[in-house]
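Trainee: Make a model of this:
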Amino acid sequence: MNNKDRRFGGNLAWGMAGFLSCFMFFSPALSSDETVSPHQHQHMREPSPTSIDIRLERSAHPHHGGHENAHAHRGLLSSNITPEPSGTSWEPESTPMEGLHYYKKKWLFMLHGFANAGYTARLNKSESLRGADQFFTTNMFMFMGLRELKSGAWGFRVMADLEPVMGPDGYPLLMQTGGVGEDQTHLVDRQHPHDMIMELAATYSHSLSKDQTVFVYAGLPGEPAFGPPAFMHRFSSINNPTAPITHHWFESTHITEGVATLGYVWKNFKLDGSVFNGKEPDDRRWDIERPEFNSYSARAAINASENLAFQASYGRIGSPHSLLSNLDYSDRVNATAMMNWMPPQEVWQFLVGWGATMDHPGNALGALLVELTRAIRNTHFVFYRLEVASKNDLFLSGGPSHFHRPDLVALSPDAGETKLISRVSAGYLYDFKTYRKTSWGVGAQISVYPVPRALEVAYGSPGLNLVLFTRMRFSGLENAKKPEGFR
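Mentor: Okay, here's the model as predicted:
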C-alpha cells in the first residue's frame, strides 16, 4: 500500500467516525416527535411502512396528505417536499423521498442522505490499458428547514459530503472527463470528488393566487436553474454508486459558487432563471470559493401528472473549464423526461435525456442518457444506465492530465478529435438491515464500455468494470404528523 492509499484510508476512517458521531447525536431528536395519524394506519400494509408505501397510498388517493394544496407551493417552498430534490428542479410528485422529519412549532426540519463505500476494479485490465482499481466513497447528507407564512414560505438547505477524503483526484471511472485534479491538472478516466459544502441556500416564495407563486433562491454554493435533479438526488439514479459519464451535459453546475434564481409557478408549470458562477470548483475541495456571476440559465418545467415530469434548459456557462484559457464560454442545452410507475409494493422510475454543448471556440458535442430504477418493497433495488456521448478530451495534448497511464497519450495519433463513446451499466442493491431510522445494504454494479476502434489501443475492447459496495441511508417515515398551520 502506497502513501496515498494510507492517507485516503486514514481520512476515510476519521470522516466516517465524525459522521457516525453526528448521526448518533441528531437521530433521536429528529425522530422523537415523528407520529402517524390513525387515518394513515388504516391504509398501511405493514406495521412499519416505508415512504414508498405512503407514496403508493398517495398515488391511489391524490388528495390525501395535503395534495389539494400542492399547486400553491412546491418542494422547499412548502411542506410538500418531494418535487424539488435539488436546487429548484422538479421530479414527479409521486417520487419517494425518505428522511427524518421533525416538526417544531411552525418549523419543519428534515435530514436525509446516504453513504456508499466500495471498491471499483477494471476487470480486463493490463499494463497497456487505461483503468485503475481503488477503494472509494460517494455520499451526501442534507439538512433542510421550512417555515410556512400566511402567504408564502421561507426555508434553508444545507448539504455536505465527505468525498474530499479521497483526495482531489477522486475515484477511477473509465471515459469520464472534466474536473480539476491535484496540482491543477485535468482529470481523465476519473470522477472528481464533490466539494465538502455542496449547498448553503435560502429560499422565499410568495403566493400571488391559489395557482400562482413566485420564488427566489440564493446559494453559496447552490444549484442554478439548469437540467434535471442532480444524479445523487433523483430516484432513477440514487441507488447507483457511480456518476454518469454524461454528467457534464446535464448537471455539472449542481455545485456552483454563487447562485441567484428567480422563478414563477402556475399550477403544474414552472419557469425559472439564474445568474451564477460558471467556473468549475478547483482542487481544494474543503473550502468555499469566492462567488462570481459570469453565467446565466433558464429552465421550463411541467409536471404533467403525479407520475410525469418534463424539463428543458439552456445555459451560457462562462469559463467552464478553468484550465483551458482559450475557452471563453459554452452554450449548453438539455431536455429530460421522468416517469414513475408504481405497481403494488414497487416503484419504478425512468429517465431519458438529451443534451448538447457548444464550446466557444470549439465543437458541438452531444449526449444521450437513459436511466431506470426498480425498487421492490423498499428492500431490493435494480438499476440500469445507458449513456452515449461525443467527447474530445479523452486525450489531452495541450497539458498535463491525470489518468492511469499518462504515456498512453502518445499512442493516439488523433488526440483531441471527437469520438463517440458509450457505457452500459447494471446493478443490484439489497438492504439487509434497519437500525435507528437507517437502512444498510450491499450491492454490485457491472459496466460495459463498447470501445471505438480508434481507442482500442488505450482502452481495449470492450472495457469492463466491476463495483462492489455497501450503503447506509436514512429511511424514516416521509410524512410525520403536521402541526396546526401547516398545509
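Trainee: where in the stretch 201-350 of the chain is pLDDT low?
Mentor: For the stretch 201-350 of the chain, the stretches with pLDDT under 70 are 322-326.
Trainee: Would you map the helices across it?
Mentor: All helices of the stretch 201-350 of the chain, identified by DSSP state H, counting those that start in this stretch, fall at 247-250.
Trainee: what ranges do the strands span in it?
Mentor: In the stretch 201-350 of the chain, the strands defined using DSSP state E, counting those that start in this stretch lie at 212-219, 259-266, 269-276, 295-305, 308-318, 329-341, 346-360.
Trainee: Any chance of the ones you listed in a markdown table with mean neighbour count and distance to E84 as columns?
Mentor: To be clear about C-beta, it is placed using only N, CA and C from the backbone, and glycine gets the same treatment. Listed next are the strands of the stretch 201-350 of the chain as a markdown table, based on neighbours: other CB atoms under 10 Å; distance: least, CB to CB, whole Å:
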| stretch | mean neighbour count | distance to E84 |
| --- | --- | --- |
| strand 212-219 | 21 | 10 |
| strand 259-266 | 20 | 10 |
| strand 269-276 | 22 | 10 |
| strand 295-305 | 20 | 10 |
| strand 308-318 | 21 | 11 |
| strand 329-341 | 20 | 13 |
| strand 346-360 | 19 | 16 |
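Trainee: With distance to A121 as new columns, can those strands be given to me in a markdown table?
Mentor: A markdown table is the format used below for those (distance: least, CB to CB, whole Å):
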| stretch | distance to A121 |
| --- | --- |
| strand 212-219 | 37 |
| strand 259-266 | 37 |
| strand 269-276 | 37 |
| strand 295-305 | 38 |
| strand 308-318 | 34 |
| strand 329-341 | 31 |
| strand 346-360 | 27 |
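Trainee: closest to S237 out of those strands?
Mentor: strand 346-360 (7.5 Å; CB to CB).
Trainee: Quickly run through the sheet partners of the closest one, with directions.
Mentor: The sheet places strand 346-360 alongside strand 329-341 (antiparallel), strand 364-376 (antiparallel), with pairing taken from DSSP bridges.
Trainee: So what angle separates the directions of the first one and strand 308-318?
Mentor: Which is strand 329-341. Angle of strand 329-341 versus strand 308-318, following axes from the mean of the first three to the mean of the last three CA atoms, to 10 degrees, is 170 degrees.
Trainee: Check the offset of strand 329-341 from the chain's centre.
Mentor: Taking CA atoms, centre = their mean, to the nearest Å, the mean C-alpha location of strand 329-341 is offset from the chain mean by 14 Å.
Trainee: of all the strands paired with strand 346-360, which lies closest to G278?
Mentor: Going by CB to CB, the one of the strands paired with strand 346-360 nearest G278 is strand 329-341, 7.4 Å.
Trainee: Just the C-alpha atoms of that closest one, please, in CSV.
Mentor: Extracted C-alpha coordinates of strand 329-341, given in CSV (Å, rounded to 0.1, in the frame of the first residue of the first chain):
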residue,chain,number,x,y,z
TYR,A,329,-17.8,30.2,-22.7
SER,A,330,-20.1,27.3,-23.5
ASP,A,331,-23.7,27.2,-24.6
ARG,A,332,-25.5,24.2,-23.2
VAL,A,333,-29.0,22.8,-23.7
ASN,A,334,-30.7,19.7,-22.4
ALA,A,335,-34.2,18.2,-22.1
THR,A,336,-35.3,15.3,-19.9
ALA,A,337,-38.5,13.3,-19.2
MET,A,338,-39.0,11.4,-16.0
MET,A,339,-41.8,8.9,-15.4
ASN,A,340,-42.9,6.9,-12.3
TRP,A,341,-44.8,3.6,-12.4
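Trainee: Near K210, how many other residues are there?
Mentor: When neighbours are defined as other CB atoms under 10 Å, K210 has 10 of them.
Trainee: can you check S447 too?
Mentor: By the measure other CB under 10 Å, the count of residues near S447 is 25.
Trainee: Please tell me how far K105 sits from S205.
Mentor: According to CB to CB, to the nearest Å, K105 stands 20 Å off from S205.
Trainee: quick one: which of these two has more around it?
Mentor: More neighbours surround S205 than the other of K105 and S205, with 25 against 7 (other CB under 10 Å).
Trainee: pretty sure the more buried one contacts R147?
Mentor: No: if you go by CB atoms under 8 Å, S205 and R147 don't touch, sitting 11.3 Å apart.
Trainee: what touches both of the two?
Mentor: 153-154 (CB atoms under 8 Å, 6 or more residues apart in numbering).
Trainee: Which residues are in contact with A337?
Mentor: 308-310, 351-353.
Trainee: Tell me, how many residues neighbour E417?
Mentor: Neighbour count of E417, defined by other CB under 10 Å: 13.
Trainee: Hmm, it is touching N392, no?
Mentor: Yes: in terms of CB under 8 Å, E417 counts as a neighbour of N392; the distance is 6.4 Å.
Trainee: what's the closest non-adjacent residue to T470?
Mentor: Nearest in space to T470, with sequence neighbours left out and distances taken as CB to CB, 6 or more residues apart in numbering, is V442 at 5.1 Å.
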